[in-house]
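Student: next come a sequence and a model predicted from it.
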Amino acid sequence: GESVGLHLPTLSVQEGDNSIINCAYSNSASDYFIWYKQESGKGPQFIIDIRSNMDKRQGQRVTVLLNKTVKHLSLQIAATQPGDSAVYFCAENTGNQFYFGTGTSLTVIP
Amino acid sequence: DAGVIQSPRHEVTEMGQEVTLRCKPISGHDYLFWYRQTMMRGLELLIYFNNNVPIDDSGMPEDRFSAKMPNASFSTLKIQPSEPRDSAVYFCASSPTGTGYSHEQFFGPGTRLTVL
């Protein structure tokens, strides 16, 4: 029979535009969150993190927003570049375990 | 630092064979994690160690899977006997003890396992 694979949400943006990737997490007790970027054929790579006592954190070209009320996390990438094309995962931490979302595939159109 | 090192990068084997995946964590990191990634299930935690001691192996699929960490610089994930449904990319990650803020995990490049 036909196998059903994981259908990643996809996002396509024009080079230079801003990107927003969203993630819903499941455990209200999670106290730490990370966004990872995974390029084809490579392992996940840390982008930015945020603790639950914050609602916003900024890095270089990236911003993470945390809304604990609705258990929602977002990653904003400013001035998206072709090198940003990848799959982006959010991960929530409870204790010393991380639970990963299914990921969003970002494609940057030159 | 070379980062987390995994070997082999690719492994093709036949059903029923034993497969051993290897990982060298970043020096000084106390935690080591084994993950499996497939298109069907995404990224799944299999087991993790703290100071070479297995802490949680609830993600290990079944008794065919075993993991060891004989010292702080080496871990293995073994599948015996292997089955086609074990085909996946297996990642090892390590992290330092969280110091106030970050518990970032550093991932290796992964081992792509194909079981025929």
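Tutor: Yep, that arrived. What you are looking at is a predicted structure, and each value in this text was computed from that prediction instead of being measured. Residues are numbered from 1 along each chain as shown, chains lettered A, B, ... in the order given.

Student: surely B:R22 and B:S73 touch.
Tutor: No. Assessed by CB atoms under 8 Å, B:R22 is found out of contact with B:S73, at 11.1 Å. The way it works is simple: take the backbone N, C-alpha and C, and place the C-beta from them, glycine included.

Student: helices and strands of chain A: which one has the lowest mean pLDDT?
Tutor: Taking mean pLDDT, DSSP states H and E as the measure, strand A:97-100 is the helix or strand of chain A with the lowest mean score, a mean of 80.

Student: that strand packs against which elements?
Tutor: Under the contact criterion of 3 or more CB pairs under 8 Å, 6 or more residues apart in numbering or on different chains; DSSP states H and E, strand A:97-100 touches strand A:86-94, strand B:42-50.

Student: how far off strand A:86-94 does the last one point, in degrees?
Tutor: Going by axes from the mean of the first three to the mean of the last three CA atoms, to 10 degrees, strand B:42-50 is angled at 50 degrees with respect to strand A:86-94.

Student: buried set for strand B:42-50?
Tutor: Neighbour-count burial for strand B:42-50 flags B:42-43, B:45-49 (criterion: 16 or more other CB atoms under 10 Å in any protein chain shown).

Student: check the first one too.
Tutor: Buried residues in strand A:86-94, defined by neighbour count with 16+ other CB under 10 Å: A:86-93.

Student: give me the contacts around stretch B:80-87.
Tutor: Here stretch B:80-87 makes contact (CB atoms under 8 Å, 6 or more residues apart in numbering or on different chains) with B:13-19, B:38, B:61, B:64, B:66, B:79, B:113-116.

Student: try it again at 7 Å.
Tutor: B:13, B:15-19, B:64, B:79, B:113-116 (CB atoms under 7 Å, 6 or more residues apart in numbering or on different chains).

Student: which of the buried residues of strand A:86-94 has the weakest pLDDT?
Tutor: Minimum pLDDT across those is recorded for A:N93, with 84.

Student: residues in contact with that one?
Tutor: A:30-33, B:103.

Student: what do you get if the cut-off is 10 Å, keeping everything else the same?
Tutor: By CB atoms under 10 Å, 6 or more residues apart in numbering or on different chains, the contact list for A:N93 reads A:25, A:27, A:30-34, A:49, A:51-52, A:99, B:98, B:103-105.

Student: please identify the residues of chain A in proximity to chain B?
Tutor: Proximity of chain A to chain B, by CB under 10 Å from any CB of the partner chain, involves residues A:3-8, A:31-32, A:34, A:36, A:38, A:41-46, A:49-51, A:87, A:89, A:91, A:93, A:95-103.

Student: hmm, try it at 7 Å
Tutor: Listed as neighbours of chain B in chain A under the rule CB under 7 Å from any CB of the partner chain: A:5-6, A:32, A:34, A:42-44, A:46, A:49, A:51, A:89, A:93, A:96-98, A:100, A:102-103.

Student: can you give me the helices in chain A?
Tutor: Using DSSP state H, no helices are found in chain A.

Student: nearest residue to the residue in it positioned nearest to chain B other than its sequence neighbours?
Tutor: The minimum distance from chain A to chain B, using CB to the nearest CB, falls at A:G43 (3.4 Å). Spatial nearest neighbour of A:G43, excluding adjacent residues (CB to CB, 6 or more residues apart in numbering or on different chains): B:F107 at 3.4 Å.

Student: try A:I109
Tutor: A:Q14 (5.3 Å).

Student: any idea how far that neighbour lies from B:V4?
Tutor: 35 Å (CB to CB, to the nearest Å).

Student: is it true that the residue nearest to A:G43 touches A:P44?
Tutor: Yes. B:F107 lies in contact with A:P44 (CB atoms under 7 Å); the separation is 4.9 Å.
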